[in-house]
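A.B. asks: Just a sequence and a predicted model for now, questions to come.
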Amino acid sequence: MTQLDPTFGLIVLGRGDPRLARATLAAAETWRYRPARIVLAVPRGREHAFAAMSGSAGVTVVAAAEPDMLAAAVAALASDVDIVIATPEGVVLGPRWLDAVRDHVILYEDSVAGVDLVRQVVKITTDGDGVSDLAVAERPREPGLLSWLRGLIRARSLLGAVFWARVETLRQVKLATTGEGGDAVAFMLALDHLRLRGRTTVRFTPHARHVRLLPERRTGFDAGYGLYRRLEQLAETRRAAAAVGPLAPSHLDHGLERLRLLAEQAVRSVVGTAGKHNAATFLKGALAARRDGVSVRRIVARDLRELR
Amino acid sequence: MKAALVFVGRAAAASVYLPYRSRGFICALAEAGVEPVVIDVDIDPEPSSATVPSEVPGIVGYRNQVDRLPLIVAQERVGVVQTFGATEDLGSVWGHVARAAKPLAHFVSSDGAVADLPAGRPRSLADLVRRGRSLAHWQARHASRHVTAVLGSNRADLGRHFRHGFFPRARFSAVAPPPSPPTRTFGVIPLGQRRQGPVLGFWDPDADAEVLELLLRAVALTGQTDLFTLKIAPASLAGRAVLPPGVTVADAASADAFLRDVDVLVVPRAEDRALCAVVAALAARKSVIVPDTGAAIEIVDYGRRGLLYAAGSAYHLAMAINVMAQSWTNRPFSFDGVEESIARTAPDAVARMFASAWRRLGG
């Protein structure tokens, strides 16, 4: 049935930095059609980091275990909205993005969900903890060619991503999130379920920007290990599912994704200017996960051989 | 407003499209202020595509070759052309209608819709050739640029067309569920008086051996046939597959009558013609197990009013049957809003949807 004036609900997946979450929420205030509900989903145990935002008007904070953050946030607003928009902290959505999605949803009833990948990046040097307002809208945009190249090379799991869906089509669909990085993968897994129910789209959007705070001093080992391991597990699950039914098409090419992940981090760790250490440790983590995966497969194959 | 309803090829006789030329639908169109002209276009000379006479006397009808379409459209001065039929049959039709320079809408149904290619990379050259699309597919895709609006019985089949590059210039798409005849509501058995195990039912007069085989394979895979019983109807299905001992054939004249004796309706394949039975079951407040795609999923509100399973998989259907049988006394389904969903399938509601789409096109 045509929804001439759909209501929107915004979910921000907050993980660690309230400044990034605040930048995402500040962008929503510039939208021509304001969201009916705003939910900030945070990992259980990290509520204190976002305590200042829980008091702000219209923002509901939902704390859940890391894998259930998205599902808990959708459950919190499902009864009040027609369209749910979910994005990790640091993705700043311009008003034109919402206008485009709204027009699309009104005109095309068959369209049920989509993932918009964000290749425009805003790098902000904070130099200390005193900066509370990142003022992303005032920052200059990077050249289009650079964004295009990033979209070509970078692993989808490391790009900023926005997920939108008609809320009624999300019933009996598993919505699981992973740790930092990998939101795009989690969103695309949901799309794989939803493609049986209607039109699903994955595309790049020019109307959003992904904020990255510099300098990045954290080690990337855990993130690299976790993300690569997760991608391997997904590929394994897909192979296992093929044994009990026809192989369903997927929005994510698991082999290409892992290749992109390794290649980009390798290049960044050699020729990158900022975050070189982070990229090198990320790559080490990913390679360690790959090594562990290979050894586990070998052990399983050997055990099966011995059983025979 | 005058609208040409163009039925192409075997669509003229297919059971899925019959409701769109029935008395109820045509009269409802007239009530909505639309004067229909029915045009049947010959594609193949097989007797299976013979025209079904219109149920409404006095309606203008044509049966002709595809190249006469622009002439008929111009002669009748129609405001909009609506096509029905298998997508791959329609390439030349859309091309000829475009010559008449009238807004063109197409209706996508589960019958004749574009299918997804098998996932995964081809393993050999022969596999690659087998996966390839036919020439008719590419011709239809190219000609689909003339279509200015798309209506469909369900989001899944509509979405698959868009995903495969069809209808690049469609200004909008709308979902209009297949029309279903009115159903009768009968008393719901109170929870305390229900049997221990549910009686599953399957109703489809046109079911082929493939559908029956999928259903029976799923029943065998459950491994718990003592928890439920399965009835299939009508009786003519008995000869189409070898039935195992636990499956019985019911001799029921209609879906309404059949549903009196069953607790759960099972739909093994996502087809529009299954919708009448699903609507009848929901009207009678019976549980349903339907595939995770197609028109039925929208009527069961994406799992709110029934159990879903991955379409085409006997394993997942078996798991759904097991879940239904094991949680029989405590099913978490709600029938809230079911009357509104059923009302959307009434012929006059569907006709209003069509008329409103045609008016959006400026017909």
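C.D. replies: Structure's in. What do you need? Numbering: from 1, shown residues only, chains lettered A, B, ... in the order given.

A.B. asks: Count residues in the vicinity of residue B:261, would you?
C.D. replies: The local packing of residue B:261 (other Cβ atoms under 10 Å in any protein chain shown) involves 12 other residues. Glycine gets a C-beta too; all of them are placed from N, C-alpha and C.

A.B. asks: Up against chain B, what does the stretch 51-200 of chain A have?
C.D. replies: Contact residues (Cβ under 8 Å from any Cβ of the partner chain) of the stretch 51-200 of chain A with chain B: A:107-112, A:168-172, A:193, A:195-200.

A.B. asks: if you look at those residues, which of them are in strands?
C.D. replies: A:111-112, A:199-200 (DSSP state E).

A.B. asks: export those residues to CSV and tack on neighbour count?
C.D. replies: Converted to CSV, those look like this (neighbours: other Cβ atoms under 10 Å in any protein chain shown):
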residue, neighbour count
A:111, 22
A:112, 26
A:199, 23
A:200, 24
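
A.B. asks: what about residue B:252, neighbour count?
C.D. replies: Residue B:252 sits with 19 neighbouring residues when counted by other Cβ under 10 Å.

A.B. asks: Then residue B:1?
C.D. replies: When neighbours are defined as other Cβ under 10 Å, residue B:1 has 16 of them.

A.B. asks: what's the closest non-adjacent residue to it?
C.D. replies: Distances taken as Cβ to Cβ, 6 or more residues apart in numbering or on different chains place residue B:79 nearest to residue B:1, at 4.9 Å, with adjacent residues excluded.

A.B. asks: List the contacts of that neighbour.
C.D. replies: Shown in contact with residue B:79 (Cβ atoms under 8 Å, 6 or more residues apart in numbering or on different chains): B:1-3, B:102-103, B:358, B:362-363.

A.B. asks: residue of the stretch 1-150 of chain B with the smallest distance to chain A?
C.D. replies: Residue nearest to chain A within the stretch 1-150 of chain B (Cβ to the nearest Cβ): residue B:119, separated by 4.2 Å.

A.B. asks: residue contacts, that residue?
C.D. replies: Going by Cβ under 8 Å, 6+ apart, residue B:119 touches A:246-250.

A.B. asks: run the last query once more with 6 Å
C.D. replies: Each residue near residue B:119 by Cβ atoms under 6 Å, 6 or more residues apart in numbering or on different chains is listed here: A:247-249.

A.B. asks: Most neighbours out of those residues, which is it?
C.D. replies: When neighbours are taken as other Cβ under 10 Å, the top entry among the contacts of residue B:119 is residue A:248 (19 neighbours).

A.B. asks: Leaving out chain neighbours, which residue sits closest to it?
C.D. replies: Nearest to residue A:248 is residue B:119, by Cβ to Cβ, 6+ apart, at 5.9 Å.

A.B. asks: would the one you found count as being in a helix?
C.D. replies: No. Counting by DSSP: H, G, I helix; E, B strand; the rest coil, residue B:119 falls outside a helix, being coil.

A.B. asks: before we move on, back to that, mind putting the contacts of residue B:79 in a markdown table, secondary structure and pLDDT included?
C.D. replies: Shown next, in a markdown table, are the contacts of residue B:79 (DSSP: H, G, I helix; E, B strand; the rest coil; pLDDT from 0 to 100):
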| residue | secondary structure | pLDDT |
| --- | --- | --- |
| B:1 | coil | 86 |
| B:2 | strand | 90 |
| B:3 | strand | 91 |
| B:102 | coil | 91 |
| B:103 | coil | 93 |
| B:358 | helix | 93 |
| B:362 | coil | 77 |
| B:363 | coil | 52 |
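
A.B. asks: Drop anything exposed from these.
C.D. replies: B:1-3, B:102-103, B:358, B:363 (16 or more other Cβ atoms under 10 Å in any protein chain shown).

A.B. asks: ok, now which ones touch the residue most central in space within chain A?
C.D. replies: Nearest to the mean C-alpha position of chain A, by Cα atoms, centre = their mean, lies residue A:183 at 2.5 Å. If you count contacts by Cβ under 6 Å, 6+ apart, residue A:183 has them with A:88, A:161.
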